[in-house]
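Q: Predicted model, plus sequence, below.
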Amino acid sequence: MRQTWRWFGPVDRVTVKDAAQAGAEGLVSALHHVPTGTAWSVDEIEKRQREARAGGLDWELVESIPISEAIKTGGGEARTHLAAWKQSLENLARCGIHTVCYNFMPVLDWTRTDLRWETPLGARAMRFDLIDFVAFDLFVLKREGAASNYPEAVLAAAEKRHHALDDAARATIAANVSAGLPGSTESYTVDDLRRHIATYAETPAATLRQRLIDFLGEVAPLAEKLDMRLCCHPDDPPWPLLGLPRIMSTESDYRAVLDAVDSPASGMTLCTGSLGARADNDLPGMIDRLGSRIHFVHLRNVTREADTLPCSFFEDEHLAGGTDMVAVIAALLREEKRRRSAGRADCEIPMRPDHGQEILDDITRGAQPGYPAIGRLKGLAELRGILQALSHPTYGQR
């Protein structure tokens, strides 16, 4: 597997040299400063490539080209934004970058209530606290009909939690929930959230799924022509939020979209943290059944505090959460073996150690939440150890 590292550009407090010293072989990045719906120019792409190479690694994968709300809702600017997205693909291919991760989550990207929750060992981790989230939904956002989305026990706990929080704590939760894309300069106010949520008031999941299929029907033929791979990231968390539909949360969700747009250019980003937040997602089985369409892998682990949907969870150490990471990596190595036997050019699947706890000097570095230097180095080292053991010519599975 190809070991990569997410880098947010020159503003990232974890440098390219840090990534190289951690053992990364390539970078995953994006042009976060380019407004959503605007094409990425060759000049800007090449500038980021030069910035990466100055630190000793190449920019190998994109995460992400944001898909605008207009495309997701069928709004008036949808065609213009779609044309810009396709132009970005052409410019990336011209610059030698051929894999693009994206997501189709409406309004909110990955959502957490605490970006630096303290673990019992004093590390800092991102956390989704269901009760805090429901308290925000009910009493801060004041979403119409919100109470009907939760059981009575959760509603009672959320009301109690809301009254126990002070104004500063409520504001922090609101800011965390509406933080927007990682690395992005864009975020939502509470009023922004209300307005965007309202645009989905009459949008069932089936309609949103069809819009994704229509989007892929437009971009996948171009990606195939350019020898590019598009990989859809799962919902995070993998269940509906704030009354918004979520359509990439389970194996059946992926199967529906992959079957509808049956192109080798259209695939999935297997994120073990996002999918692992649901107890009913069989990750090794998903790899065995959908492996030919996996173009990118995020390896991270979460600990669920219940197996109900939805539930609270936190970002655990890479080998300590609810996902059997050895079984996952073994399944990925089996897929790589199948690809080699079939003569596929993409037999080496790119992965990155996703998220990570802030430990040691991370705590004072102030890096992007979820993307510390030492916590990810530790995770990559652990994952590399599994890879090495499972690939050993004498003791490994191959």
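A: Perfect, thanks for sending it.
Q: So which residues of the stretch 151-300 of the chain form helices?
A: Ranges of helices in the stretch 151-300 of the chain, per DSSP state H, counting those that start in this stretch, are 152-164, 167-177, 190-198, 205-225, 251-260, 272-276, 283-290.
Q: Who are the packing partners of the first one?
A: Of the remaining helices and strands, those touching helix 152-164 by 3 or more CB pairs under 8 Å, 6 or more residues apart in numbering; DSSP states H and E are helix 130-135. Yep, even glycine has a C-beta here, placed from its N, CA and C like the rest.
Q: elements contacting the helix it packs on?
A: helix 152-164, helix 167-177.
Q: Give the buried residues for the last one.
A: Within helix 167-177, the residues scored as buried using 16 or more other CB atoms under 10 Å are 170, 172-174, 176-177.
Q: Also the first one?
A: Neighbour-count burial for helix 152-164, with 16+ other CB under 10 Å as criterion, is recorded at 154-155, 157-159, 161-162.
Q: Which one of the residues you listed is nearest to residue 253?
A: Comparing the buried residues of helix 152-164 against residue 253 with CB to CB places residue 154 closest, at 24.3 Å.
Q: Correct me if wrong: that closest one contacts residue 130.
A: Yes - between residue 154 and residue 130 there is a contact at 6.8 Å, judged by CB atoms under 8 Å.
Q: Mind checking the pLDDT average for stretch 178-196?
A: For stretch 178-196, the mean pLDDT works out to 74.
Q: shared neighbours of residue 154 and residue 130, anything?
A: Residues touching both residue 154 and residue 130 by CB atoms under 8 Å, 6 or more residues apart in numbering: none at all.
Q: so how far is residue 64 from the most centrally placed residue in the chain?
A: Centroid-nearest residue in the chain, with CA atoms, centre = their mean: residue 233, separated by 5.4 Å. Separation of residue 233 from residue 64 (CB to CB, to the nearest Å): 7 Å.
Q: Over to residue 318?
A: 22 Å.
Q: between the two, which one's more packed in?
A: residue 318 (27 against 22; other CB atoms under 10 Å).
Q: Just the CA trace of stretch 254-266, in CSV.
A: Provided in CSV are the C-alpha atoms of stretch 254-266 (Å, rounded to 0.1, in the frame of the first residue of the first chain):
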residue,chain,number,x,y,z
TYR,A,254,-22.1,2.4,-2.1
ARG,A,255,-23.5,-0.5,-4.1
ALA,A,256,-26.4,1.5,-5.3
VAL,A,257,-24.2,4.4,-6.6
LEU,A,258,-21.3,2.2,-8.0
ASP,A,259,-23.8,0.0,-9.9
ALA,A,260,-25.6,3.1,-11.2
VAL,A,261,-22.4,4.5,-12.6
ASP,A,262,-20.4,1.4,-13.5
SER,A,263,-17.2,3.1,-14.5
PRO,A,264,-13.7,2.2,-13.3
ALA,A,265,-13.2,5.9,-12.8
SER,A,266,-15.9,6.0,-10.2
